[in-house]
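Chemist: could you work out the structure for the sequence below:
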Amino acid sequence: MSSTFGTLFRISTFGESHGGGVGVVIDGCPPRMSLDESDLQFDLDRRRPGQSRLTTQRNEADHARILSGVFGGFTTGTPIAVMVENVDHNSGAYDHLRDVYRPSHADFTYDAKYGIRNWHGGGRSSARETIGRVAAGAIARKLLKLTCDIEVLAWVSSIGSIESEVDLDSVDLTRIEADPTRCPDSEAAALMTEAIDRARHDGDSLGGVVTCVARRVPAGMGEPVFDKLDADLAGALMSLPAAKGVEIGSGFAGTKMTGLSHNDPFAMVDGRVRTLTNMSGGIQGGISNGEDIVTKVAFKPTATISSEQRTVTRDSRNTTLSAHGRHDPCVLPRAVPMVEAMVLLVLADHWMRQRAIDVLPPLPKLP
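Modeler: Next up is the predicted model:
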């Protein structure tokens, strides 16, 4: 089972939802960058359970401990290990799932692949695995901020049929964090809150879309064939729990446009090449063009619901299941820092790959 992601800025996550803890090892972070646990904790607090009534009430502080790779407050260039202990796990609440497959979970497919599964919270298939990604993403965020001033922001843009109106150019972290839904449109956020509360009351759940923008990404990051920047972003975002679709730039809406209306015209603006529109979402030919990189991620409704559903047991008997335990009626508010983390990890990796090219001595120009 592979739990490693990245080429030069590489992470390996570990741990299970109801084990001793979860964490990550980051390999490839450059030396001499200031780093301590507080740099990680802000994003971990945004991901943690129990932060509002809209999320699962599992009470985990998710305090990060840096075990290696930092000396005297600075990275040493060696692997950075980060650990978060599990404190409030109630494994007994899952004993009724020992021999039952939860609908739309990884229970059946995991069993089909490995012949064994951890029914306590789903083991490795639990969204608690993403703690390691978010911690590593926080390190990538600091690296990118210090080296090229890249900013990555995500927010909830829709839940169910409720759509928000958000200006990509002006949205900021303060507005995103002002509401527990992490939707910066206050009117839409109020409707989303009502919808989530209603779904929880009805024993149901909701899905939605998280939009993410990466600002000030320099042109030239990414590869033109298999390691396209948009391909790597799509793969990273689709690896998140409950993710079911990714759009970059115009996405599927671009299929309804003509080439003339969809193309991004070039112009010289303030002494540099810019595009006058951004249908491409900041990526052309698999390589960043210097404009904002805009992605959208679709998340399905939470699979664990309290309403009765049909399922089967491990010994192939038909049965029904009403799930117990503490679960999110909508994953979207907590998915925001997860989306940011995966975008940050991809950008940090491609920045380092581009830097490896840039350090070569100047080559002679072609005639």
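
Chemist: skipping adjacent residues, who's closest to residue 30 in space?
Modeler: Using C-beta to C-beta, 6 or more residues apart in numbering and skipping residues adjacent in sequence, the residue nearest residue 30 is residue 77, 6.5 Å away. Backbone N, C-alpha and C define where each C-beta goes, glycine included.

Chemist: so the one you found sits in a helix?
Modeler: No: Residue 77 sits outside any helix when classified using DSSP: H, G, I helix; E, B strand; the rest coil, being coil.

Chemist: for it, give me its contacts.
Modeler: By C-beta atoms under 8 Å, 6 or more residues apart in numbering, residue 77 lies in contact with 29-32, 69.

Chemist: run through the chain and note the low-pLDDT ranges.
Modeler: For the chain, the stretches with pLDDT under 70 are 50-60, 88-94, 324-326, 359-367.

Chemist: now do 90
Modeler: Flagging of the chain using pLDDT under 90 yields the residue ranges 1-2, 16-20, 48-62, 86-100, 102, 104-107, 116-127, 303-307, 321-328, 356-367.

Chemist: of the contacts of residue 77, which is the most crowded?
Modeler: Most neighbours among these, by other C-beta atoms under 10 Å: residue 29, with 26 neighbours.

Chemist: wait, what's in contact with it?
Modeler: 9, 69, 75, 77, 80, 139, 143.

Chemist: and with 7 Å instead?
Modeler: 9, 75, 80, 139, 143 (C-beta atoms under 7 Å, 6 or more residues apart in numbering).

Chemist: what sits up against the strand or helix carrying residue 260?
Modeler: Using DSSP states H and E, the element containing residue 260 is helix 259-262. With contacts defined as C-beta under 7 Å, 6+ apart, helix 259-262 is touched by 250, 254, 279.

Chemist: dump these to a markdown table, plus secondary structure.
Modeler: Conversion of those to a markdown table gives the following (three-state DSSP):
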| residue | secondary structure |
| --- | --- |
| 250 | coil |
| 254 | helix |
| 279 | coil |
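
Chemist: one step back: from the contacts of residue 77, pick the one nearest residue 161.
Modeler: Using C-beta to C-beta, residue 29 comes nearest to residue 161 of the contacts of residue 77, at 42.1 Å.

Chemist: helix, strand, or coil at that closest one?
Modeler: Recorded secondary structure, residue 29: coil (three-state DSSP).

Chemist: any idea how far residue 72 is from it?
Modeler: Going from residue 29 to residue 72 by C-beta to C-beta, to the nearest Å gives 15 Å.

Chemist: same check on residue 8?
Modeler: 25 Å.

Chemist: again with residue 128
Modeler: Relative to residue 72, and taking C-beta to C-beta, residue 128 is found at 32 Å.

Chemist: same check on residue 243?
Modeler: 39 Å.

Chemist: okay, the two: which has more neighbours?
Modeler: Of the pair residue 243 and residue 72, residue 243 is the one with more neighbours under other C-beta under 10 Å, namely 21 against 6.

Chemist: does the more buried one touch residue 299 like I think?
Modeler: Yes: under the criterion of C-beta atoms under 7 Å, residue 243 makes contact with residue 299 at 5.9 Å.

Chemist: before we move on, back to that, pick out whichever of the contacts of helix 259-262 sits closest to residue 338.
Modeler: Taking C-beta to C-beta as the measure, residue 338 lies nearest residue 250 of these, at 23.8 Å.

Chemist: give me the neighbour count for the closest residue to the closest one other than its chain neighbours.
Modeler: Leaving aside its sequence neighbours, residue 250 sits nearest to residue 279 (C-beta to C-beta, 6+ apart; 4.5 Å). By the measure other C-beta under 10 Å, the count of residues near residue 279 is 17.

Chemist: show me what contacts residue 279?
Modeler: Taking C-beta under 7 Å, 6+ apart, we find residue 279 in contact with 249-250, 254, 262, 264.

Chemist: the residue nearest to residue 30 and residue 29, how far apart?
Modeler: For residue 77 relative to residue 29 (C-beta to C-beta), the value is 7 Å.

Chemist: wait, a helix at residue 298?
Modeler: No: assigned with three-state DSSP, residue 298 falls outside any helix and is strand.

Chemist: next, the nearest residue to it once chain neighbours are set aside: secondary structure please.
Modeler: Residue nearest to residue 298 in three dimensions, not counting chain neighbours: residue 245, with 3.8 Å by C-beta to C-beta, 6+ apart. Assigned with three-state DSSP, residue 245 falls in the strand class.

Chemist: what helix or strand is residue 234 on?
Modeler: If you go by DSSP H and E, residue 234 is part of helix 229-238.

Chemist: for stretch 129-147, list the C-alpha coordinates in CSV.
Modeler: This file holds the C-alpha atoms of stretch 129-147, laid out as CSV (Å, rounded to 0.1, in the frame of the first residue of the first chain):
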residue,chain,number,x,y,z
GLU,A,129,-5.5,10.3,7.6
THR,A,130,-5.6,13.8,6.1
ILE,A,131,-4.1,15.3,9.3
GLY,A,132,-0.7,14.4,7.9
ARG,A,133,-1.5,16.0,4.6
VAL,A,134,-2.6,19.3,6.3
ALA,A,135,0.5,19.4,8.5
ALA,A,136,2.7,18.9,5.5
GLY,A,137,0.7,21.4,3.5
ALA,A,138,1.4,24.0,6.3
ILE,A,139,5.1,23.5,5.8
ALA,A,140,4.7,23.8,2.0
ARG,A,141,2.7,27.0,2.6
LYS,A,142,5.5,28.6,4.5
LEU,A,143,8.1,27.5,2.0
LEU,A,144,6.1,28.9,-0.9
LYS,A,145,5.4,32.1,0.9
LEU,A,146,9.1,32.7,1.7
THR,A,147,10.4,31.8,-1.7
